[in-house]
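In: dropping the sequence and predicted coords here.
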Amino acid sequence: MKRPKKKRAPESYVKRTYRNYAVKSGLVSSYVKHQETDLHILAESDVSEDARLLTTRYRLQIEGYIEKYPHFAHSLSPLPEDPLAPPIIRDMLSAAAVASVGPMAAVAGAIAQYVCHGLIDAGYKEVIVENGGDICLKRSEESLIAIFAGESELSNKIGIRIKSSDLPMGICTSSGTIGHSLSLGEADSVTVVSSSTVLADAAATRLGNEADTAGDGNENVHKILAAADSITGISGVLAICGEVLGGKGEIELVPLT
């Protein structure tokens, strides 16, 4: 049966829900907002000041590059490499090329990764940076990431177990039914795991575009997982379309109560 097109849930709805599921395990929450960037950070102490400086630095690099090359902000397809660009821009261009999307498809994951790694370089040992559902984390113990999929009955009932030996790692989710980020598909959620949070974000967007209203949940999940084979550098994918769930790769799924 074909799925009717859903009205996208507003960003305010998302913010009121999924962050309530973070189990802090003794870590301290910090929040940083800078224009569209909205970070929730867990670390062993308050990192607000350090994170704010890092966020501002990388936002300015991206904004400066867009001012010089406006097409960077609007392209829906990969752009040529730029060896003279700042590292965060080069990573976004590279991830976009691998995933066959525009570079801004990776912006949330890029900021999450660069802020997370910046905090690690500053001496913090336990860091989780979440930016609109895109996560970069480094912990000394295993972590369980709950999957938020909007109004799907599977939302927050499935988690991905992440071993500490695999960290740092990125876990990014794209949705055609949640939030304000551009998605051309209709998946409730497509979650990608990769050692690069930048690539995970770009790949999640790319794979989320595979789901459409012409197909049912089974067809859309099959298309998403088939398309994942064309993206190198990702270690696992989990797709939810309505009541249908499918995954592939090196991910361990855990039922949540």
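Out: Looks like it arrived, so ask away.
In: name the helix or strand for the most centrally placed residue in the chain, please.
Out: Taking C-alpha atoms, centre = their mean as the criterion, residue 172 is the residue nearest the geometric centre of the chain, at 2.4 Å. According to DSSP states H and E, residue 172 maps onto strand 169-174.
In: how many other residues sit next to residue 208?
Out: Neighbours of residue 208 under the rule other C-beta atoms under 10 Å: 31. Glycine gets a C-beta too; all of them are placed from N, C-alpha and C.
In: is it true that it touches residue 187?
Out: Yes: applying C-beta atoms under 8 Å as the test, residue 208 and residue 187 come out as touching, 4.9 Å apart.
In: residue 255 - how many residues pack around it?
Out: Residue 255: 7 neighbours (other C-beta under 10 Å).
In: residue 26 too?
Out: 7.
In: how far away is it from residue 32?
Out: According to C-beta to C-beta, to the nearest Å, residue 26 stands 21 Å off from residue 32.
In: tell me the pLDDT of residue 157.
Out: pLDDT for residue 157: 89.
In: now do the same contact list for it.
Out: By C-beta atoms under 8 Å, 6 or more residues apart in numbering, the contact list for residue 157 reads 255-256.
In: what's the answer for residue 50, then?
Out: Contact analysis of residue 50 by C-beta under 8 Å, 6+ apart lists 118-119, 122, 124.
In: now it: phi and psi?
Out: Main-chain torsions, residue 50, degrees, to the nearest 10: phi -60, psi -40.
In: 395 is where my numbering starts, stick with that
Out: Let's use 395 as the start, then, which means that last one is residue 444.
In: where does the nearest residue to residue 525 once chain neighbours are set aside sit: helix, strand or coil?
Out: Residue nearest to residue 525 in three dimensions, not counting chain neighbours: residue 506, with 4.1 Å by C-beta to C-beta, 6 or more residues apart in numbering. Secondary structure for residue 506, judged by DSSP: H, G, I helix; E, B strand; the rest coil, is helix.
In: can you map out the strands along the stretch 545-651 of the chain?
Out: All strands of the stretch 545-651 of the chain, identified by DSSP state E, counting those that start in this stretch, fall at 552-556, 563-568, 583-588, 630-635, 638-643, 646-649.
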